[in-house]
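Colleague: Sequence and predicted model, in that order:
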Amino acid sequence: MSEKQLARISPYFPKSHGVPQVDDRRVISGIIHVLKSGLQWRDAPGEYGPHKTLYNRFIRWSEMGVFDKIFKALSSQDTPEQLQIDAGHLKAHRTASSLLKKGLLPRDIGRTKGGLNSKLHAVCDGQGRPLLMRLTAGQVSDYKGTRRLLEALAAAKHLLADRGYDADWFRDGLRARGITPCIPPRKNRKRPVIYDKTLYKQRHKVENMFGRLKDWRRISTRYDRCSHTFFSAICIAAIVIWWI
């Protein structure tokens, strides 16, 4: 991480009390290296410092929601003209799904035909940069994930989505916010729906966004048991790839 990149996110770091923090640039760079390479924390290169320092900083700031706040702050600085929405599965490793019992805190891990996994619901702008993200269990439908995102959508001219999002309540919700839906109709829809087929060809950008996130190995495969730590890893990847 360069000094310029660090300067973009350092205003959102929690203030240290008492003992000064270890070099932020070195520690954050080490966390990024582990998440991108898919390493275990104890295998982090020595030039980033003790692996326990990297792990403890990542866990502590994840619990405080620091990385979520940085992502929200940076991604909300621009006003997009176009939005795109989609969802993708992220496979859960056995270390993430162990001791998964009812009654404990939700882990956002569910079972589908592909096995145990989580689902990331995301909205990006016309450049393919993520603006909103929500993590749910793998079996949660796109509709339920969309309901959690609908109220937080930024003002935009259009929203592009595949026919899996073709629902009257979703279309009405978009229009109520001044957003024109560009969604192809389901094959079993009785009432015809007209959409801009030329504009719809740009929807590949949200799929490209998921592909770039999954280039980070600790995101394409979930190793973290806690939902907030895994979501923090996703936020860090989004920040590094698009926002700094």
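Modeller: Sure, I can see it.

Colleague: Tell me where this protein has strands.
Modeller: Secondary structure of the chain by DSSP state E: the strands cover 82-92, 110-112, 115-125, 130-137, 158-160, 180-182, 221-222.

Colleague: which other helices and strands contact the fourth one?
Modeller: Which is strand 130-137. With contacts taken as 3 or more C-beta pairs under 8 Å, 6 or more residues apart in numbering; DSSP states H and E, strand 130-137 sits against helix 66-75, strand 115-125, helix 142-150, helix 227-238. C-betas here are computed from N, CA, C, even on glycine.

Colleague: List the contacts of the shortest one.
Modeller: Contacting residues not belonging to helix 142-150 are listed as 85, 87, 119, 121, 123, 132, 134, 136, 164-165, 167, 170, 173-174 [C-beta atoms under 8 Å, 6 or more residues apart in numbering].

Colleague: Would you list the buried entries among those residues?
Modeller: Neighbour-count burial (16 or more other C-beta atoms under 10 Å) applied to the contacts of helix 142-150 gives 85, 87, 119, 121, 123, 132, 134, 136, 164-165, 170, 173-174.

Colleague: okay, the helix-or-strand element of the chain with minimal mean pLDDT in CSV with CA atoms only?
Modeller: The helix or strand of the chain with the lowest confidence, counting by mean pLDDT, DSSP states H and E, is helix 94-97 at a mean of 84. Below are the C-alpha coordinates for helix 94-97, written out as CSV (Å, rounded to 0.1, in the frame of the first residue of the first chain):
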residue,chain,number,x,y,z
ARG,A,94,-14.9,-26.5,6.4
THR,A,95,-13.0,-24.2,8.8
ALA,A,96,-15.8,-21.6,8.3
SER,A,97,-18.7,-24.0,8.6
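
Colleague: got the buried residues for that helix?
Modeller: Using 16+ other C-beta under 10 Å as the test for burial, helix 94-97 gives Ala96, Ser97.

Colleague: now stretch 111-131
Modeller: 116-126, 128-131.

Colleague: Name the nearest of those relative to Asp108.
Modeller: Within the buried residues of stretch 111-131, the smallest distance to Asp108 is 5.1 Å, found for Ser118 (C-beta to C-beta).

Colleague: ok now do that closest one, which residues does it touch?
Modeller: Taking C-beta under 8 Å, 6+ apart, we find Ser118 in contact with 89-90, 92, 108-110, 135-138, 222, 227, 230.

Colleague: May I ask which two of the residues you listed are separated the most?
Modeller: Among the contacts of Ser118, the pair separated by the greatest distance (C-beta to C-beta) is His89 and Ser227, at 15.1 Å.

Colleague: more crowded one of the two?
Modeller: Under the neighbour definition other C-beta atoms under 10 Å, His89 and Ser227 were set side by side, and Ser227 has more, 20 against 16.

Colleague: From what I see, that one and Thr136 are in contact.
Modeller: No. Using C-beta atoms under 8 Å, Ser227 is not in contact with Thr136; the gap is 9.3 Å.

Colleague: Mind listing the shared neighbours of those two?
Modeller: Shared contacts of Ser227 and Thr136, defined by C-beta under 8 Å, 6+ apart, comprise Asp108, Ser118.

Colleague: How many neighbouring residues does Phe71 have?
Modeller: The number of residues packed near Phe71 is 26, by other C-beta under 10 Å.

Colleague: Stretch 178-196: which residues count as buried?
Modeller: Across stretch 178-196, burial judged by 16+ other C-beta under 10 Å covers Ile179, Pro181, Cys182, Ile183, Pro184, Tyr195.

Colleague: Show me which pair in those is furthest apart.
Modeller: By the measure C-beta to C-beta, Ile179 and Pro184 form the most distant pair in the buried residues of stretch 178-196, at 16.5 Å.
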